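# Build me a structure from this.
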Amino acid sequence: MRLNPTAIWGVAEKGHVAEDDGMGRKFIDCREYPSEMNCTVAFSADSDEDVLEVAVQHAVQGHHHKDSPELRQRIRNLFKEAHHPYRSRS
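Residues are numbered from 1 along each chain as shown. As a prediction, this is how the structure comes out:
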């Protein structure tokens, strides 16, 4: 599966960022979950599915976890709500 950079950086086409829909963004920050790697990566997205896909890829590639329904549920349980840090410049 190839991810859209929007899911990773929140950047929409032409350098604009999506408007906050009032529901906030989901985020996960590896710094809050200590590991031997001392990982400092954080991800956020406007949808659960976008942040889940990026976080699962990171867990598999960066932390050598096996992608499974259990891993996906554990990651989903770690999501937090965040306000959108940027607004579009329209």
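# Test my guess that Val41 contacts Ala59.
No: if you go by C-beta atoms under 8 Å, Val41 and Ala59 don't touch, sitting 10.2 Å apart. In this view, the C-beta of every residue, glycine as well, is placed from N, C-alpha and C.
# So which of the two has more stuff around it?
Remark: of Val41 and Ala59, Ala59 carries more neighbours, 20 against 14, as counted by other C-beta atoms under 10 Å.
# My read is that the more buried one contacts His65, right?
Yes: under the contact definition of C-beta under 8 Å, Ala59 touches His65, with a separation of 4.4 Å.
# quick one, strands of the protein?
25-29, 42-45, 80-82 (DSSP state E).
# what's stretch 58-66 in contact with?
Applying C-beta atoms under 8 Å, 6 or more residues apart in numbering, the external contacts of stretch 58-66 come out as Cys30, Ser35, Met37, Cys39, Val41, Phe43, Asp67, Leu71, Ile75.
# Go through it and flag the buried ones.
By neighbour count on 16 or more other C-beta atoms under 10 Å, the buried set for stretch 58-66 is His58, Ala59.
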